[in-house]
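Participant: need the 3D shape of this:
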Amino acid sequence: MPRTAPTRGTRASRITSGLLALALAGGLTLATAAPAMAAPIVDQSNTGANPSLLSNPSYEFAQSFTAGITGDLTSATFSTRGASTATAPAQLVTTSGGVPTSTVIASGTMTSKTSTALTYTFTAPAKVVAGTTYALALGYAGNIEANQSIYSRGAVFDRDSGSWVAIGASDLLFTTRVEPEVVNPVTSLVATSGDRAVTLAWTAPAAGGTPTSYSVQYRPSGTGVWLSAGSVTATSASVTGLTGGTLYDFQVIAVGTYVSSTPETTTATPYATATVPQNVTFTAGDESATVAWTAPADAGTNLITKYVVELTGPSGTVASDVTGTTTTLTGLSNGTSYSVRVFAVTADGNGAKSAVLATIPSAFAEAPVLAVTEGNGTLDLEWTTPTSDGSAITQYEVEFSSSTGTTTSTTLPTVREFAATGLTNGDFYKSRVRAYNSRGAGAWSAMNTSVPRTVPGVPATFDALPGTASVQLSWTAPAFNGGATIDSYTVEYREVGAAAWTTSSATGTATGTELTGLDNGVAYEFRISAVNEAGSGAATVIESATPFAATFTFTKADGTPLAGERLPRGTEVVLTGTDLPEGAQVTFELHSAPVVLGTGVVAADGTVTIAGIIPADAAAGNHQLVGTVTSQGVTVSSSVAVVVPLLVIGGLVVTGTDVLSGLNLAALLVLIGGALLMVARRRSSSSLV
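Facilitator: Next up, the predicted model:
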């Protein structure tokens, strides 16, 4: 049945309704320039028994199609009817949603034009990819055949007002030809064994398509699964992470844009050097440094023959061979930074190198010089900054021991002082200090033994006893010596009412002293303080005393001085005293057997006058008139010698200085009296007879 194309406004007159026989005069060809390729493959064709004729006087038709294979589009042939003078090229364009776009991939030149066929050839790259929909836009002014019964390759489009519009259910009668893309394998594949790795090198394919990359694969020889080592664009690659001593298979595949080559294979066995030494340490010393390590976790495919220690300093890098796992590097400069790394050596070569470690050689800090100041329940420690060659002091450690044996340790920053408080005065404490630098703890200072102390307490039982031009002071030691031995006592005195104190010469540790050279009758104040290493303690309560002397004058009532005088019984005598302590008790006595003649109290002016009578019963003989004054528990006396006569006979006073003569005279008188009495009695007797 004849088919009339769908009416599209003004386009309806362009489409005839007659049915014409199909004339397939050529095809659309995808060709390649690769050598040894087969003839181009007919990739797309659309033929049928019921052609219809489409007419268009201008560049208006487009045919979409989906590529069946990947390759290069070489030609496209369309069925036509009648001759045409059109020479416009065909364009291979992209599609969007099956509709042609304006994006041109390549242009085909009209190379054949007959009354039944129109052929376009694409010489520039016109790559098509299997499964992708394209469109061929035709600038043909004439009749072109379509088929309405076979509708599977695409759709016919007509340009209307600048846009492509599908024309019903029709396809143009066309044939396309493509030549599949081909990539040849690489050549000259060589494998070079390395340390747990193999390096592959090859030559790019000399013909065929140009690879875009190379796929490198490997596997332990004899296993079935290939492992990917990655994709490269160069003609060499390294496969790492392999096991030393294991045989591996390797293959390289050239990869094109759409196809890949067959693989090229080879084999190789990598070796293994030792892995990195473990637990590496780099410890500074005095003008030296010690490196130590343990063996690598994996020695590789051969035994370790030695280790190499690389030391880097100001003069460069020096390598040293070591057979053990430790070495001390000497001749270094304190205070200078050095770095080191270590690696093992086997028959396969040098192993992995350890991480770089750095250190600075230095000496241990020397001992500080410690000074301790003793205080009241405290000890203040200070010390010098010790020499620390090559490394700064980072901290100090103070060790403190009490008399009970308890030891404490205190870490301080770089300050050089420490105060120990809350201590017991009088107890012994030991202390020492040391400095730290990058090497660690330095030398201890000399051990210091100190005793916290304070000033002594107040002396006890202080007493001041006056004397003649002197005062006797006495006291007892303080109950608390301040934690230190009392070195001396300070004696101070002043006249009552004076402001300033006078300090007596040091008394040492004695607890008493006599102050001489004082003025009798002058009242003085006194105080005492104890002294130890911490200083002078508080003074005692002030004590007062007035030095005095028994300054008496002995006279008769008429003022006649007495000195060896004969004083008959009943004689009045007078005692007069001066410069005596006010209020002092004065006694006036006759000795030998004391007889109190009178008493008195010293007046405010320091004087006293006492009168007395020589007792009637006073014994004859030599006597002493004694004046006694008592003040502040001190008694002082003075006296004068006198004589009490024995008898007064006929006006003759027999004094105590003539006692024997008096007795003799008395005896003589008694004898005479007795004799006279006897004579008288005899005379009387004679007369009576």
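Participant: tell me how the protein divides into domains.
Facilitator: Following automatic domain parsing, one gets these domains for the chain: 9-180, 187-268, 278-359, 370-450, 460-545, 551-644.
Participant: mind putting these in CSV, distance to L677, mean neighbour count and mean pLDDT included?
Facilitator: (Glycine included, C-beta is placed from N, CA and C.) Shown next, in CSV, are the domains of the chain (distance: least, CB to CB, whole Å; neighbours: other CB atoms under 10 Å; pLDDT from 0 to 100):
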stretch, distance to L677, mean neighbour count, mean pLDDT
domain 9-180, 201, 18, 70
domain 187-268, 172, 16, 93
domain 278-359, 135, 16, 96
domain 370-450, 96, 16, 93
domain 460-545, 62, 17, 91
domain 551-644, 28, 17, 89
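Participant: contacts only, for the closest residue to P413 other than its chain neighbours.
Facilitator: Counting by CB to CB, 6 or more residues apart in numbering, Q395 is the residue found nearest to P413 once chain neighbours are left out, at 5.9 Å. Applying CB atoms under 8 Å, 6 or more residues apart in numbering, we find Q395 in contact with T411, L412, P413, T414, A435, Y436.
Participant: who's Q395 bridged to?
Facilitator: On the basis of DSSP bridges, Q395 is bridged to Y436.
Participant: equivalent analysis for the one 4 residues further on, please.
Facilitator: In this structure, E399 has the following beta-bridge partners (DSSP bridges): S409, R432.
Participant: thought it was touching T406?
Facilitator: No - E399 lies out of contact with T406 (CB atoms under 8 Å); the separation is 11.5 Å.
Participant: check contacts around P220.
Facilitator: T246, L247, Y248, D249.
Participant: roughly how far does the first one sit from S320?
Facilitator: Taking CB to CB, to the nearest Å as the criterion, T246 is separated from S320 by 34 Å.
Participant: quick one: S504 and T516 touch, right?
Facilitator: No - assessed by CB under 8 Å, S504 is found out of contact with T516, at 10.2 Å.
Participant: sorry, back to before: need the contacts of Q395 in TSV with distance to T77, can you?
Facilitator: Supplementary listing: the contacts of Q395 in TSV, determined by distance: CB to CB, whole Å:
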residue	distance to T77
T411	98
L412	101
P413	96
T414	97
A435	100
Y436	96
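Participant: nearest to P615 among the residues you listed?
Facilitator: Nearest to P615, judged by CB to CB, of the contacts of Q395 is L412 at 91.2 Å.
Participant: now the closest one: how far from K430?
Facilitator: From L412 across to K430, the span is 18 Å (CB to CB).
Participant: does W475 sit in a helix, a strand or a coil?
Facilitator: strand (DSSP: H, G, I helix; E, B strand; the rest coil).
Participant: ignore the last one, L518
Facilitator: Here L518 is recorded as coil under three-state DSSP.
Participant: next up, the contacts around it.
Facilitator: Residues in contact with L518 (CB under 8 Å, 6+ apart) are A469, S470, V471, Y524, P547.
Participant: does the first one touch N520 like I think?
Facilitator: I take that to be A469. Yes - the pair A469 / N520 is scored as a contact, 5.5 Å apart, by CB under 8 Å.
Participant: which stretches in the stretch 151-300 of the chain count as strands?
Facilitator: Here the stretch 151-300 of the chain has its strands, by DSSP state E, counting those that start in this stretch, at 156-160, 163-166, 171-172, 174-180, 187-194, 197-203, 213-220, 227-232, 236-239, 248-255, 264-268, 278-285, 288-294.
Participant: what is the nearest of the contacts of Q395 to Y338?
Facilitator: Y436 (21.1 Å).
Participant: residues touching that closest one, list them.
Facilitator: Per CB under 8 Å, 6+ apart, neighbours of Y436: A365, I393, T394, Q395, Y396, E397, G442.
Participant: quick check, the first one in contact with W444.
Facilitator: Read it as A365. No - counting by CB under 8 Å, no contact exists between A365 and W444, whose distance comes to 10.6 Å.
Participant: common neighbours of the two, please.
Facilitator: In contact with both A365 and W444: R434, using CB under 8 Å, 6+ apart.
Participant: spatially nearest residue to Y524, not counting backbone neighbours?
Facilitator: Leaving aside its chain neighbours, Y524 sits nearest to Y493 (5.4 Å; criterion: CB to CB, 6+ apart).
Participant: contact partners for that neighbour?
Facilitator: With contacts defined as CB under 8 Å, 6+ apart, Y493 is in contact with V471, W501, T502, S504, L515, Y524, E525, F526, R527.
Participant: list the contacts of whichever strand or helix holds L597.
Facilitator: Under the criterion of DSSP states H and E, L597 resides in strand 595-601. The contact list for strand 595-601 (CB under 8 Å, 6+ apart) reads 573, 575, 583-590, 608-615, 618, 625.
Participant: would you confirm that D171 contacts L54?
Facilitator: No - applying CB under 8 Å, one finds D171 not in contact with L54, separated by 10.7 Å.
Participant: what is in contact with these two at once?
Facilitator: Jointly contacting D171 and L54 under the rule CB under 8 Å, 6+ apart are A146, V156.
Participant: what does the helix or strand containing T555 contact?
Facilitator: In the assignment (DSSP H and E), T555 maps to strand 551-556. Residues outside strand 551-556 that contact it (CB under 8 Å, 6+ apart): 520, 561-563, 565, 571-580, 625, 627, 638, 640.
Participant: what's the following helix or strand after that strand?
Facilitator: strand 565-566.
Participant: centre of the chain to that following strand, how far?
Facilitator: Centroid separation for strand 565-566 versus its chain: 105 Å, with CA atoms, centre = their mean, to the nearest Å.
Participant: how about residues contacting the very next helix or strand once past that strand?
Facilitator: Remark: after strand 565-566, the chain's next helix or strand is strand 572-578, criterion DSSP H and E. Contact with strand 572-578 is made by 550-557, 559, 562, 567, 586, 588, 597-598, 602, 606-614, 625, 627, 629, 642, as judged by CB under 8 Å, 6+ apart.
Participant: and S403, what is it in contact with?
Facilitator: Contact analysis of S403 by CB under 8 Å, 6+ apart lists D427, F428, Y429.
Participant: name the nearest residue to the second one, sequence neighbours excluded.
Facilitator: Counting by CB to CB, 6+ apart, the nearest residue to F428 once its immediate chain neighbours are dropped is S403, at 4.6 Å.
Participant: likewise the first one?
Facilitator: Sequence neighbours aside, S403 is the residue nearest to D427 in space, at 4.5 Å (criterion: CB to CB, 6+ apart).
Participant: mind checking how far that neighbour is from S337?
Facilitator: From S403 to S337 the distance is 47 Å (CB to CB).
Participant: how about stretch 187-203 as PDB, C-alpha atoms only?
Facilitator: Extracted in PDB, the C-alpha atoms of stretch 187-203 (Å, rounded to 0.1, in the frame of the first residue of the first chain):
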ATOM      1  CA  THR A 187      56.400  -5.700  23.600                       C
ATOM      2  CA  SER A 188      59.800  -6.300  25.300                       C
ATOM      3  CA  LEU A 189      58.400  -6.700  28.800                       C
ATOM      4  CA  VAL A 190      61.300  -6.900  31.300                       C
ATOM      5  CA  ALA A 191      61.000  -7.500  35.100                       C
ATOM      6  CA  THR A 192      63.800  -6.300  37.500                       C
ATOM      7  CA  SER A 193      63.800  -7.700  41.000                       C
ATOM      8  CA  GLY A 194      64.100  -5.200  43.900                       C
ATOM      9  CA  ASP A 195      63.600  -5.000  47.700                       C
ATOM     10  CA  ARG A 196      60.200  -6.400  48.200                       C
ATOM     11  CA  ALA A 197      59.400  -5.000  44.800                       C
ATOM     12  CA  VAL A 198      59.700  -5.700  41.100                       C
ATOM     13  CA  THR A 199      60.200  -3.000  38.400                       C
ATOM     14  CA  LEU A 200      58.500  -3.700  35.000                       C
ATOM     15  CA  ALA A 201      59.500  -1.900  31.800                       C
ATOM     16  CA  TRP A 202      58.000  -2.500  28.300                       C
ATOM     17  CA  THR A 203      57.700  -1.000  24.800                       C
END
